[in-house]
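Pasting a predicted model and its sequence here:
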Amino acid sequence: MRESVGRPIALVVASMHVGGVERMTITLAREFLRRGVAVDLVLFSRKGPLLDQVPAGVRIFGLGEVRARQAVRPLRQYLKRERPAAVLSAAWEPNLATLVASLGLRSPPRIVLSVRNTFSLALAGNSFGRRIMRLATKILYHRADHVAAVSIGAAEDLRQHVGLRPDRVGAIYNPALPDDFERLASEPADLFDAPQPGVARIVTVGRLAPAKDQANLIRAFATVLEHRPAELFLFGEGEMRPALEALTVELGVADRVKFAGMVSNPFPYMRAADLFVFSSAWEGFGNVLVEAMAAGVPIVSTDCPHGPFEILEGGKWGRLVPPGDSAALASAMLESLDKGGVDARERAREFTVGRVADQYLELLSG
């Protein structure tokens, strides 16, 4: 993006609640500002604990605590009034709202969509809402100047199921490793008690949602406990929490599983862990895998579509197991706890914000 243009890049997301999309947005905003590019942050809902981490110099526009359909009108007003040079939106609903809001504008901005998940899996099902989202995606995504999926597999899925032209869709990996990672990872892991000799500390980070399949992890963890003492910490919140808590009771492991909730900085807990486990049934990328690699902790991940296989280079940097297979997951967890993992910190540095920002700025400037 040419600094002489003077008009901002607008980053459009739903809110500043804790999640991969929100952390990516903050990371890119900080890097764009560092390069002298003006940044507007446009939020459906001006809420969330990560608001405090939005860098000074970013103008924040709240659209009025609205959902996607209600966001179209105020977003269109923002586009007409502020005339950003380009828009980068992220996730299904902000992407669709951005495309609808830009229809018929006399001087529309350049629009780049960031797709965070696998279309055919994330929007599967026959509910009315899912059918509408699939149809809207197939109709509207062709209007974007470019669609950047977060993995090669997710990009190919879009080409196949949405019919996007190959020159309009590609992959840009997430800026999963912030420049201040070492400082953040060195902060105290206050939620952890003192380590217990011989008790393995296992950590996972992610929304408590069907896609993340923490139920599979809990079942695998119950098997691990049959062979060695351990604790499992789940960082994140979501609609599956009651069912997951009930599952720990059913399996008799409730006293060894800790639901730690959302934290704005999970890096110290990754670094203090004996093992990091990623149990997703499907995924667009998997930021937390890169973060765990940078923390230097052994990794076990499901080989779900799409992201983990690419990040871990087919298992070079962590153990991969089939999704939904709790027996295979438990076996890999035990092997990792017994034998350790490889040092993947150098691999993690390939996902730095500078490299990713270069790619996005190229697309946003046309």
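Right, received. Where do you want to start? Numbers count the residues shown, from 1 in each chain.

ok now do the closest residue to M240 other than its chain neighbours, which residues does it touch?
Sequence neighbours aside, L208 is the residue nearest to M240 in space, at 4.4 Å (criterion: C-beta to C-beta, 6 or more residues apart in numbering). From N, CA and C alone the C-beta is placed, and that goes for glycine too. For L208, the contacting residues are Q214, L234, G236, E237, G238, E239, M240, R241, L244, by C-beta atoms under 8 Å, 6 or more residues apart in numbering.

Just the buried residues of the strand or helix carrying Q70, please?
Using DSSP states H and E, Q70 maps to helix 68-82. For helix 68-82, a neighbour-count test (16 or more other C-beta atoms under 10 Å) marks A68, A71, V72, P74, L75, R76, Y78, L79 as buried.

now those residues as TSV including distance to A136 and pLDDT?
Shown next, in TSV, are the buried residues of helix 68-82 (distance: C-beta to C-beta, whole Å; pLDDT from 0 to 100):
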residue	distance to A136	pLDDT
A68	10	87
A71	14	96
V72	12	96
P74	19	97
L75	15	98
R76	16	97
Y78	21	98
L79	19	98
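
pLDDT weak spots in the stretch 1-150 of the chain?
The model of the stretch 1-150 of the chain has pLDDT under 70 over residues 1-5.

Which stretches in it count as helices?
Shown for the stretch 1-150 of the chain, the helices assigned by DSSP state H, counting those that start in this stretch span residues 20-34, 68-82, 92-101, 119-122, 128-140.

closest one to Y360 among these?
For those, the distance to Y360 is smallest for helix 20-34, at 6.6 Å, taking C-beta to C-beta.

which residues sit against the closest one?
By C-beta under 8 Å, 6+ apart, helix 20-34 touches 1, 9, 11, 13-16, 39, 41, 48, 50, 53-55, 57-58, 88, 90-91, 114, 116, 174-176, 178-179, 285, 287-288, 353-354, 356-357, 360-361.

Dead centre of the protein: give me the residue that sits there.
Closest residue to the average C-alpha location of the chain: G20 at 3.0 Å, with C-alpha atoms, centre = their mean.

May I see the domains of this protein written out as residue ranges?
3-172, 181-350 (automatic domain parsing).

can you put the ones you listed in TSV and add distance to G366?
Listed next are the domains of the chain as TSV, based on distance: least, C-beta to C-beta, whole Å:
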stretch	distance to G366
domain 3-172	6
domain 181-350	25
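
Filter the contacts of helix 20-34 down to the buried ones.
Buried members of the contacts of helix 20-34, scored by 16+ other C-beta under 10 Å, are 1, 9, 11, 13-16, 39, 41, 48, 50, 53-54, 58, 88, 90-91, 114, 116, 174-176, 178, 285, 287-288, 353, 356-357, 360-361.

which residues sit in contact with R7?
Contacts here follow C-beta under 8 Å, 6+ apart; on that basis R7 touches A38, R83, P84, A85.

ugh, typo on my part, it should be G48
G48 neighbours (C-beta under 8 Å, 6+ apart): S15, M16, H17, V18, E22.

same thing but 10 Å
Neighbour list for G48: V13, A14, S15, M16, H17, V18, G19, E22, V54, M262, S264 [criterion: C-beta atoms under 10 Å, 6 or more residues apart in numbering].

so which of the domains of the chain comes closest to S365?
With C-beta to C-beta as the yardstick, what comes closest out of the domains of the chain is domain 3-172 (7.2 Å).

does A327 sit in a helix, a strand or a coil?
Look at A327: counting by DSSP: H, G, I helix; E, B strand; the rest coil, its state is helix.
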